[in-house]
Every structure is written in structure tokens, then in C-alpha cells.
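Novice: A structural model of the following input is requested.
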Amino acid sequence: MRNDARLAFSTSVTTRGQREGEIDGEAYHFLSEQEFFERRDNGDLLEWAQVFGNYYGTSRLALEESQAEGRDLILDIDVQGAAQLKDKLPEAITVFILPPSREELEARLRKRSSDSDAVIERRLREAAGEARNYRSYDYVLVNDQVDESFERLRGIVLAERCRKHRVEAEIRPILEGFESEARG
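Specialist: Okay, the predicted model is just below:
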């Protein structure tokens, strides 16, 4: 995002407890379950899911604000949320980010030192099930080398911005200039 001012990141809402050092509104917007369900029931959430015993969701307002600013919104969501998003917004572009191996995912989780062994084992079991969903995504990115993964993701964003339906308004005046030339 530092390299592209046309990108915005959606800060998810969650009922998960705030961890030490986390600032509300940065990593997440922390809500009570009651607040979360009120937002969900009012249609204020674009997508939502229960993950590892907590609720997570994306504010519809975040999408509306980024669209009004002419920015593409990046969501960091699980497979449940991605499926809901595609149902509501079929034009949304989805990227399934896959670790290079189960062993590497386990090493990354352990390196964070924020979860117990039981939680890590549960995450690994659920990751195995989630990995089967890769076919429902538009792109799959194996997050092996950070620099290479960054370039691949950047390539996806740039290519998607060049799709015909996304550049129609921009190219219309150019095409009209050629049409008037052809008539003249």
C-alpha cells in the first residue's frame, strides 16, 4: 500500500479480545458481541464470519468510503467471508494466499508466540479444510518469498485495473477522437 495510493485497507471489526499493544482502529475495531450483532443485523457488515470462536466482519462503510475516494479496498478475510463477498459483489477480485507448506505455516504460527499449542493445532486443522477452497478464488498466491509474493500481488492489482469494464470511462474520450478522425 505504500507503493500505491489507490489502495486502501479495510480494518475488520471483531469480538476478539484486544491483545497487549493493539490499538483499537488499527489492527481491528474491537466490538462487544452485542455491537457486532447489531451491525450485522442492520446490514452494516459487508461480510462476517465466526472464526476460532470469535466474530469478524467488514464494514460496508469502508467499501463505500474507498469507492467514493476512487480507491481499491483490500480485505483480509477468511474463506467464509470471501464466499459471502463474492455472493454480494461478484465483481470482487479474490486472492487465496497459501503458505508454501503445512510445516511452514506451523513455524510461522509458533514464531508469533501469541497462541497456545492447542490453538495452533486447531488453526492447522482448520487451514487444511480452508485450503480446499482455493478453487473458488480468482487467483492463488503461494506466499513463499515475501518480495516475490509482493510482486505477484502487485501484478494482479495492476492487471485487474486494466480490464475493459474498468477503463471504459477513461478510454471513451480517446476512442471518440479516433471515431471522429475516421468520419472526417
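Novice: What's the per-residue pLDDT of the residue most central in space within the chain here?
Specialist: In the chain, the centroid-proximal residue (C-alpha atoms, centre = their mean) is L75; its distance is 2.3 Å. The predicted structure scores L75 at 95 on the pLDDT scale.
Novice: and the gap between it and W48?
Specialist: To W48, L75 is 12 Å away according to C-beta to C-beta, to the nearest Å. Any C-beta I mention is one placed from the backbone N, CA and C, and that applies to glycine too.
Novice: Next, show the common contact partners of the two.
Specialist: 58, 81 (C-beta atoms under 8 Å, 6 or more residues apart in numbering).
Novice: And for the closest residue to R6 other than its chain neighbours, the neighbour number?
Specialist: Closest residue to R6 apart from its sequence neighbours, by C-beta to C-beta, 6 or more residues apart in numbering: R71 at 5.3 Å. For R71, the neighbour count with other C-beta atoms under 10 Å is 16.
Novice: Quick one: low-confidence residue ranges for the chain.
Specialist: 182, 184 (pLDDT under 70).
Novice: That one: strands as residue ranges?
Specialist: Applying DSSP state E to the chain gives strands spanning 7-9, 13-14, 29-30, 45-51, 54-59, 72-74, 95-98, 139-142.
Novice: so where's the longest helix in this protein?
Specialist: Longest helix of the chain, by residue count under DSSP state H: helix 164-183.
Novice: May I have that helix as CSV, with CA atoms only?
Specialist: C-alpha atoms of helix 164-183 as CSV (Å, rounded to 0.1, in the frame of the first residue of the first chain):
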residue,chain,number,x,y,z
LYS,A,164,-12.1,-3.4,-20.3
HIS,A,165,-15.0,-2.7,-18.0
ARG,A,166,-12.8,-0.9,-15.5
VAL,A,167,-11.3,1.5,-18.1
GLU,A,168,-14.3,2.3,-20.2
ALA,A,169,-14.8,5.8,-18.9
GLU,A,170,-11.1,6.6,-19.2
ILE,A,171,-10.8,5.4,-22.8
ARG,A,172,-14.1,6.7,-24.1
PRO,A,173,-12.7,10.2,-25.0
ILE,A,174,-9.7,8.6,-26.7
LEU,A,175,-11.9,6.3,-28.8
GLU,A,176,-14.2,9.2,-29.7
GLY,A,177,-11.2,11.0,-31.0
PHE,A,178,-10.4,8.1,-33.3
GLU,A,179,-14.0,7.8,-34.4
SER,A,180,-14.2,11.5,-35.3
GLU,A,181,-11.0,11.0,-37.3
ALA,A,182,-12.4,8.1,-39.1
ARG,A,183,-15.6,10.0,-40.0
